[in-house]
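# Below is the structure, and that's it, no one-letter string:
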């Protein structure tokens, strides 16, 4: 069992870090093992810049001298490699002992940049984009939000996930959301299971894609980003996914300027939706919507096979 949530402000910005924290914390009972956020804003004030979130090492190994020395070596190597691929670091922050954030001036293909960074032993690019930042770690939403200082994160839209580990370890690698490597600004959260996961993984690998995890949410993200890259509108890509994916699932996808949701034809995985003139909020449980909307609301459950997309 897990919980998913999303929110998009149709005009203007809000403290989406705080909003998503409240939504996810209200569903802590659905997933106490890890929490993840995909937040969309313009962190540097310059939409031409790239923001990269990187995990420098596995926190489960923390406490040893060797671990701290390895983190420092990885941090220095990361800065060096970013320079070697032509990225100028405008800002570099050590967010936690084992995670950092860099804002870059960079023009070019993201794939060689990401691959070169991830060739550093223990390093993993958590997200990359002009407006996307993914934060995920062990613990509940309030703990992760405090650890990464997400309160006050101004942005336009966000998705989040609380996870109960059932088929893999309790670690950051298994936490959601996932970004769509090597495409910028596309991320997915998902509740359910794709039964033709391996078929689609092989197909996408034949197109040259690689994957950071064994999670089917990452398959959905890369599938949709590939469709968008070839010119499909988001709504068309999401509708096509319902034809191509088998299983029982509900997922939420975000791009730099849109949020979309899809339910499979059985609609067995819950999702509740609220929409006003200013905001759309959705979650696995209504309690999450009520955590950010402080007045009486009417909600509905999307129908089986339904696809909905909101653009800013």
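Sure thing, it's come through. None of the values given here were measured: they were computed from a predicted structure. Residues are numbered from 1 along each chain as shown.
# low pLDDT regions in this structure?
43-44, 63, 165-170 (pLDDT under 70).
# can you pull the contacts of the spatially most central residue of it?
In the chain, the C-alpha nearest the mean C-alpha coordinate belongs to residue 177, at 3.4 Å (Cα atoms, centre = their mean). Residue 177 is in contact with 36-38, 134, 136, 159-161, 187-189, 217, 221, counting by Cβ atoms under 8 Å, 6 or more residues apart in numbering. No exception for glycine: its C-beta is placed from N, CA and C like everyone else's.
# try 10 Å this time
Each residue near residue 177 by Cβ atoms under 10 Å, 6 or more residues apart in numbering is listed here: 4, 36-38, 126-127, 132, 134-136, 158-161, 187-190, 215, 217-218, 221, 252-254.
# Give me the subset of the residues you listed lying in helices.
The members of the contacts of residue 177 that map onto helices under DSSP state H are 217-218, 221.
# Let me know the outermost residue of the protein.
Distance to centre of the chain, Cα atoms, centre = their mean, peaks at residue 65 (31.7 Å).
# so how far is residue 76 from that residue?
17 Å (Cβ to Cβ, to the nearest Å).
# Pull the number of nearby residues for the nearest residue to residue 137 once chain neighbours are set aside.
In space, and not counting its chain neighbours, residue 137 is closest to residue 144: 4.8 Å by Cβ to Cβ, 6 or more residues apart in numbering. Per other Cβ atoms under 10 Å, the neighbour tally for residue 144 reads 24.
# so which helix or strand takes in residue 144?
helix 141-147 (DSSP states H and E).
# Distance from the chain centre to the helix or strand following that helix, please.
Using DSSP H and E, the helix or strand that follows helix 141-147 in sequence is strand 154-155. Here the centre of strand 154-155 is set off from its chain's centre by 15 Å, with Cα atoms, centre = their mean, to the nearest Å.
# show me the contacts for residue 62.
68, 71, 96-98.
# no wait, residue 185
Contacts of residue 185 by Cβ under 10 Å, 6+ apart are 38, 40, 127-132, 179, 225, 228, 254-257.
# Repeat that for residue 253.
6, 38, 159, 177, 180, 186-190, 217, 220-221, 223-225, 228, 234, 237-238, 241, 259-262, 309.
# Quick check: bridge partners of it?
Residues in a beta bridge with residue 253, per DSSP bridges, are residue 188, residue 260.
# Distance check, it against residue 68.
38 Å.
# By neighbours, which of the contacts of residue 185 wins?
residue 38 (32 neighbours).
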